[in-house]
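Student: The sequence and its predicted three-dimensional model are supplied below.
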Amino acid sequence: MKSMKSNETIAIGRLFESNFIEILNLYSNGKIGVVCDENTQTIAAQMIQKLHLIGKTNIYQITLPSGEQHKNLESLSSVWQQLTENNFTRKDLLINVGGGVITDLGGFAAATYKRGIEYINIPTTLLSMVDASVGGKTGIDYQGFKNQIGAFHLPKGVYVDPEFLKTLPQQQLLSGYAEVLKHGLIADANYWEYCVFTPFLEVNWNEVILKSIEIKNGIVSQDPQEIGLRKVLNFGHTVGHAVETYYINHGEELLHGMAVVVGMICEAHISFQKGNLGQIQLESISKSLSSRYNKVSIKESCFPEILQLMYQDKKNNSKGINVTLLNDIGSAQFDGLATEEEIYQSLHYYGTIKS
Ligand SMILES: NC(=O)c1ccc[n+]([C@@H]2O[C@H](COP(=O)([O-])OP(=O)(O)OC[C@H]3O[C@@H](n4cnc5c(N)ncnc54)[C@H](O)[C@@H]3O)[C@@H](O)[C@H]2O)c1
Ligand SMILES: [Zn+2]
């Protein structure tokens, strides 16, 4: 396994063919709760079986229903309940095996149970490998708002096995790839070029995952609590989260990454309107993203509701709607303030793009 230096231990490699199980065993002398969902329970069970083989008992599998609509208080409460019923103490450990829903929710359960216990993430989607499982942001959705309740709580370790991507549906892979592209746009033009021009089937996942984690960690380690710099990672997410929430609130499904792609195009356009980003760069970004991603339908009549959702964004202050702006491909600036007019213009622009 290849490891990376950071506040959390981050390692990438074949988990079940290495000394990973022995490493896991070092994290806890006590009980282990393994949080997974319906689609990752087989990986979780495989890991538990291997832990049993080295004499580790007292392991409790907590399987939740899958999907963003279950990243809620009910699922969280069910984790708290099972930890309580099985007498977990502050010295015990949680291991989250799953996509971003499981790592966010399991991480928040760990942050809150008995004022905080340790946890480890084993991400199984591309999105959670390159983004959600690292950096310590945990939380759940609440009353129709994304990640409304949460805490910063770093995992002790993140163990990534790209093999798990083999069972991931193509749309989920594409959704995760949006965050990869975001890392290129905000921090590294060469990486953006590689990701945009390499056909999907030829992408070297080990390298891409490592590079993306490196970019994210490089930023998070300088600003763990998101006082300033870390906000650049939210590029595409002010508009993206609002569009995602709009879809959820209307009972329709839109994967996180697909909403972030809409957000990245809109926020690149806002950067252009403000004079930060050139027209050539804007058009190159829009063209590259829209050639890979289907157009999301956003009718003009939905704009006011989407705008209202943006006012809920945690990055806002009293002055207006906070967006991350691009100065160029590979360079971003946090704490831009977008006017309602600029946001409307950007949504109009998105509507004019051909996919
Ligand atoms: N904490 C952060 O910093 C951060 C960053 C980005 C996103 N997020 C959050 O991550 C969530 C989205 O994560 P996601 O896209 O991983 O969604 P997800 O966890 O819902 O996973 C997507 C689907 O894939 C299934 N799945 C997982 N692994 C699989 C595998 N190996 N094979 C087959 N199916 C598998 C899941 O059961 C689910 O149905 C959002 O809630 C978002 O807010 C958090
Ligand atoms: Zn995201």
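Tutor: Noted; the coordinates are in hand. Ligands and ions are numbered 1, 2, ... in the order given.

Student: Up against ligand 1, what does the stretch 51-200 of the chain have?
Tutor: Contact residues, the stretch 51-200 of the chain versus ligand 1 (CB under 6 Å from any ligand atom): 66-68, 71, 98-102, 104, 124-125, 127-128, 131-132, 135, 137, 146-147, 164, 167-168, 172, 175. Where you see a C-beta, it was placed from the backbone N, CA and C, and this is true even at glycine.

Student: what sits against residue 241?
Tutor: Residue 241 is in contact with 146, 259, 263, 309-310, 313, counting by CB atoms under 8 Å, 6 or more residues apart in numbering.

Student: Filter those down to the buried ones.
Tutor: Listed as buried from those are 146, 259, 263, 309-310, 313; burial here means 16 or more other CB atoms under 10 Å.

Student: Narrow those to those in helices?
Tutor: Among these, the residues falling in helices (DSSP state H) are 259, 263, 309-310.

Student: Can you add pLDDT and give these back as JSON lines?
Tutor: Shown next, in JSON lines, are these (pLDDT from 0 to 100):
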{"residue": "259", "pLDDT": "97"}
{"residue": "263", "pLDDT": "98"}
{"residue": "309", "pLDDT": "92"}
{"residue": "310", "pLDDT": "92"}
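
Student: Output the below-cut-off pLDDT ranges for the protein.
Tutor: The chain contains residues with pLDDT under 70 at 4-6, 314-319.

Student: Can you show me the helices along it?
Tutor: Remark: helices assigned in the chain by DSSP H are 20-27, 41-53, 73-85, 100-112, 126-127, 170-187, 189-197, 205-222, 237-249, 256-273, 279-292, 303-310, 340-352.

Student: could I get the ones you listed as a markdown table with distance to residue 94?
Tutor: What follows is the helices of the chain, written out as a markdown table (distance: least, CB to CB, whole Å):
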| stretch | distance to residue 94 |
| --- | --- |
| helix 20-27 | 10 |
| helix 41-53 | 12 |
| helix 73-85 | 8 |
| helix 100-112 | 5 |
| helix 126-127 | 20 |
| helix 170-187 | 23 |
| helix 189-197 | 32 |
| helix 205-222 | 21 |
| helix 237-249 | 26 |
| helix 256-273 | 23 |
| helix 279-292 | 35 |
| helix 303-310 | 31 |
| helix 340-352 | 39 |
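
Student: sorry, back to before: out of the ones in helices among the buried ones among the contacts of residue 241, which is nearest to residue 60?
Tutor: residue 259 (34.1 Å; CB to CB).

Student: Touching, that closest one and residue 238? I think so.
Tutor: No. Using CB atoms under 8 Å, residue 259 is not in contact with residue 238, being 11.2 Å away.

Student: ok, so of the buried ones among the contacts of residue 241, who is nearest residue 332?
Tutor: residue 263 (13.3 Å).

Student: out of the buried ones among the contacts of residue 241, who's nearest ligand 1?
Tutor: For the buried ones among the contacts of residue 241, the residue nearest ligand 1 by CB to the nearest ligand atom is residue 146; the value is 6.0 Å.

Student: Can you verify my assumption that that closest one contacts residue 243?
Tutor: No. Counting by CB under 8 Å, residue 146 does not reach residue 243; the two are 10.7 Å apart.
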